[in-house]
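Asker: Give me the fold of what follows.
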Amino acid sequence: MKSATRPEFGLGKIGQIAVPVSDLERAITFYRDVLGMSFLFEAHPGLAFFDVGGVRPLLDGAVEASAEKRSSIIYYQVADIQAACKTMRERGVTFEQEAQLVAKMPDHE
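Answerer: Purely as a prediction, here's the structure:
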């Protein structure tokens, strides 16, 4: 049912989840060899990508070591990032930084 006061919008598929790690090589070994996740590739600086049923865990060894920065980031796939941000702002969301292209993939940005 559509709301009369809000435009039709909703987050859909989770595309990627960033997990901060302190030892990238050790984390790759754990996620690949212990958990059995499908390892995709490493990227500079200090990133490793996996696939789990279409969701992409991203191990981030390049994050700051401070406790405030030690949480996961969930990346949602949306058709239009600027329109999604505008709608979320209108709903009271505050962004720590502006949306930006992180990687151009074969089927999405």
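Asker: I'd like the average pLDDT over the longest helix along the chain.
Answerer: Longest helix of the chain, by residue count under DSSP state H: helix 81-90. Average pLDDT, helix 81-90: 84.
Asker: what sits opposite the residue nearest the centre of the chain in the beta ladder?
Answerer: With distances taken as Cα atoms, centre = their mean, the chain has Y75 as the residue nearest its mean C-alpha position (2.9 Å). Taking DSSP bridges, one finds Q16 as the beta-bridge partners of Y75.
Asker: How about the longest helix of the chain, which residues are buried there?
Answerer: Buried residues in helix 81-90, defined by neighbour count with 16 or more other Cβ atoms under 10 Å: A84, T87, M88. Placement of C-beta: from N, CA and C, glycine included.
Asker: now do stretch 27-36
Answerer: Neighbour-count burial for stretch 27-36, with 16+ other Cβ under 10 Å as criterion, is recorded at A27, I28, Y31.
Asker: Among the residues you listed, which one lies nearest to F9?
Answerer: When these are compared for distance to F9, the smallest value, 32.9 Å, is given by Y31; criterion: Cβ to Cβ.
Asker: follow-up on the earlier one: quick one, what contacts the residue nearest to the centre of the chain?
Answerer: Taking Cβ atoms under 8 Å, 6 or more residues apart in numbering as the contact definition, Y75 lies against I14, G15, Q16, I17, A18, R56, L58, V102.
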